[in-house]
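With the sequence up front, the predicted model follows.
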Amino acid sequence: MLVSNQSSPSVPLCQVLFHASNAVKQVLAGQSLTEFLESVPKEQKSAVQSISFYCMRHLLSSQKLSQQLLTKKAPNSLVYALLLVSLCLLSVPKRHAKALELDQLDESVPFYQAFTVVDETVKATQLHKKSAAFKGLINACLRRYIREEEVLWSLLKDDEECQFNYPKWWIQLIKKSYPTQWENVLNAANLPGPLTLRVNRKKIRREEFCQTLTESGIDYQLYGEDAVILNKAMPVQAIPGFEQGLCAVQDAGAQLAGTLLPVKDGMQVLDACAAPGGKTAHLLERADIYMTAVDIDQKRLSRVEQNLKHLGHYSDKVKLLSEDVSDVSAWWDGKLFDMIMADVPCTASGIVRRHPDIKWLRQESDIQKTADLQRKIVKNLWQTLKPGGYFLYITCSVFPQEGEQQAQFIEQTFADACRLEAPGQLLPLATVDNPRPLQDGFFYALFQKK
Ligand SMILES: C[S@@+](CC[C@H](N)C(=O)[O-])C[C@H]1O[C@@H](n2cnc3c(N)ncnc32)[C@H](O)[C@@H]1O
């Protein structure tokens, strides 16, 4: 069976399943899915991504189903991952039936007939010597799943981790932090986010850009000042003006950063944790500023350069530095900044719908570690801000330890910090009109130096 693909030629499903299983195997070994996907052949990438993302969203229930099907531990990690991926695909119809009741349909993976999933998974086992010998085992497990699906699921019906597909500690923390909204927060982040664009206002007005979308038959809705949310995902290359830099992909919640800092022409602005540069570009679109963009990761910083060049914002007013902002002595020349954007490293718990591997890669102990680093970064950066200047603290987290608690720390630590109006914690919540939340989870706190 071939997987048809909007942007590249069709590829055999067994190969896609094989790559998706390797992706799952890598995540279970602690590696990021995004990094793994970079190694997948280009023509298979989008199909592998949708299946492996789907599997990440439903990993725990597939793991628990596999425990019921395997009489002993899987013979190796590849066979285990093949089983998890195929169980995920086999349970798509079941999940869709349930989702229809909840009005939360995940259409990100195609619906394959059960016999197709079994046949193609068995073929996929033949693609590597580590799995080839276990095709009989996989075949038997999957056929048993098809026969006993109802019973197997009924044994899991009271299992909360399985129901929500998050680690236990994560569920407990969200419950404690959002006692009335926790189920919505968890469920909404298990659906893929919409494809959201930021219109490059240096090149085109949003109304004019939307006119070209309408002419191309693309449905959208507007959000905030610069965002356009497409009602249906599509390959970015097919978006009119994308190749010419008229727009960039950026979540609507992330686009608030550019509108909260009141940048004006001629200002000196620091983007302290800049890569891959979405917010850097947005600020450069909103005023004619001098931008110092710093990131500790040289490879990620090169993406800032590429992105700024693509959008037409790279000039001698932009300085890119690969440095550690938690130690300003190494790179700061002593000139105070008018505005600072500190989109500090965090657990990224607010963007799991776009990076579903995060749920399984993070440990509870990571929260304290990132919170400590965030405080160190803020303490260092505060001295580089002009009196009267603005400081925007941002995380893409839904954990209060990285959000509100840090904002209070800033207020209490710096006597000259005045907290201004800002959205605070943004949660990705499903509503009746938008079962898929329009924005990811972010935290924003804005300060002015007295
Ligand atoms: C949330 S991401 C920034 C996203 C970016 N602002 C955007 O909108 O595209 C956090 C970034 O902080 C960088 N980072 C982590 N620790 C850092 C440090 N000590 N100094 C500078 N950058 C750091 C990471 O490499 C990562 O690129």
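Now that the structure is in, tell me what you want to look at. This structure is a prediction, so every number in the text was calculated from the model and none was measured. Numbers count the residues shown, from 1 in each chain.

now stretch 55-69, how far from the chain's geometric center?
21 Å (C-alpha atoms, centre = their mean, to the nearest Å).

actually stretch 116-134, not the one I typed
For stretch 116-134, the distance from its own C-alpha centre to the chain's C-alpha centre is 30 Å (C-alpha atoms, centre = their mean).

Give the buried residues for it.
Neighbour counts using 16 or more other C-beta atoms under 10 Å place 117-125, 127, 131, 134 of stretch 116-134 among the buried residues. Just so you know, the C-beta spots here come from the backbone N, C-alpha and C atoms, and that holds for glycine as well.

One more: stretch 183-199?
184-199.

and which of those is nearest the ligand?
For the buried residues of stretch 183-199, the closest approach to the ligand (C-beta to the nearest ligand atom) belongs to R198, at 10.6 Å.

Rebuild the buried residues of stretch 116-134 as CSV, extending it with secondary structure, distance to the ligand and pLDDT.
CSV is the format used below for these (DSSP: H, G, I helix; E, B strand; the rest coil; distance: C-beta to the nearest ligand atom, whole Å; pLDDT from 0 to 100):
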residue, secondary structure, distance to the ligand, pLDDT
V117, helix, 37, 96
V118, helix, 41, 97
D119, helix, 42, 97
E120, helix, 37, 97
T121, helix, 36, 98
V122, helix, 41, 97
K123, helix, 39, 97
A124, helix, 35, 97
T125, helix, 38, 97
L127, coil, 35, 96
S131, helix, 35, 96
F134, coil, 39, 96
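
Closest to A20 out of those?
The closest of these to A20 turns out to be A124 (C-beta to C-beta; 9.0 Å).

so the closest one touches Q15, yeah?
Yes. At 7.4 Å, A124 counts as touching Q15 under the criterion of C-beta atoms under 8 Å.

Report the secondary structure state of the residue at minimal distance from the centre of the chain.
Against the mean C-alpha coordinate of the chain, by C-alpha atoms, centre = their mean, the closest residue is R354 at 2.9 Å. Secondary structure state of R354, per DSSP: H, G, I helix; E, B strand; the rest coil, is coil.

What count of nearby residues applies to the closest residue to H313 other than its chain neighbours?
In space, and not counting its chain neighbours, H313 is closest to L284: 4.2 Å by C-beta to C-beta, 6 or more residues apart in numbering. Residues near L284, counting by other C-beta atoms under 10 Å, number 28.

residues touching the closest residue to R205 other than its chain neighbours, list them.
With sequence-adjacent residues excluded and distances taken as C-beta to C-beta, 6+ apart, R205 is closest to V199, at 7.7 Å. By C-beta atoms under 8 Å, 6 or more residues apart in numbering, V199 lies in contact with 205-206, 209, 226-228, 246-247.

ok, now with 10 Å
205-210, 222, 225-228, 241, 246-248, 255, 285 (C-beta atoms under 10 Å, 6 or more residues apart in numbering).

thinking again about what came up before, just the pLDDT for the residue nearest to H313.
Per-residue confidence at L284 stands at 98 (pLDDT).

quick one: which helix or strand includes it?
In this structure, L284 sits in helix 278-286 according to DSSP states H and E.

Would you confirm that G388 belongs to a strand?
Yes. Assessed with three-state DSSP, G388 lies in a strand.

and the nearest residue to it once chain neighbours are set aside, how many neighbours does it have?
Leaving out its chain neighbours, the residue that sits closest to G388 by C-beta to C-beta, 6+ apart is K449, at 6.4 Å. Using other C-beta under 10 Å, K449 has 18 other residues around it.

hang on, isn't K449 packed against I410?
No. Using C-beta atoms under 10 Å, K449 is not in contact with I410; the gap is 11.0 Å.

list the residues that contact both of the two?
When contacts are counted by C-beta under 10 Å, 6+ apart, K449 and I410 are jointly contacted by 382, 391, 417.

which residues does the second one bridge with?
Per DSSP bridges, residues listed as beta-bridge partners of F391: I340, F447.

mind listing what it touches?
Contacts for F391 (C-beta under 10 Å, 6+ apart) come out as 261, 270, 272, 337, 339-342, 378, 381-382, 384-385, 410, 414, 417, 420, 445-449.

what does I218 give?
When contacts are counted by C-beta under 10 Å, 6+ apart, I218 touches 210, 212, 228, 230-232, 234, 238-240.

Tell me the confidence at it?
Note on I218: pLDDT of 98.

do the same with V40
V40 is given a pLDDT of 93.

these two touch, right, it and H19?
Yes. Contact criterion C-beta under 10 Å: V40 and H19 qualify, at 5.2 Å.

what do these two both touch?
47-49, 52.

and the spatially closest residue to the residue nearest to the centre of the chain that is not a sequence neighbour, helix, strand or coil?
Here the nearest residue to R354 in space, its sequence neighbours aside, is G193; by C-beta to C-beta, 6+ apart that works out to 5.3 Å. Secondary structure, three-state DSSP: G193 is coil.

For Q26, give its distance to I358.
Look at Q26 and I358: by C-beta to C-beta, to the nearest Å, they are 14 Å apart.

Could you find the closest non-adjacent residue to the residue of the stretch 151-300 of the chain found nearest the ligand?
The stretch 151-300 of the chain approaches the ligand most closely through C273 (3.1 Å), counting by C-beta to the nearest ligand atom. Excluding the flanking residues, the one nearest C273 by C-beta to C-beta, 6+ apart is D343, at 5.0 Å.

who touches the one you found in this structure?
Contacts here follow C-beta under 10 Å, 6+ apart; on that basis D343 touches 254, 257, 271-275, 278-280, 295, 392-396, 442, 444.
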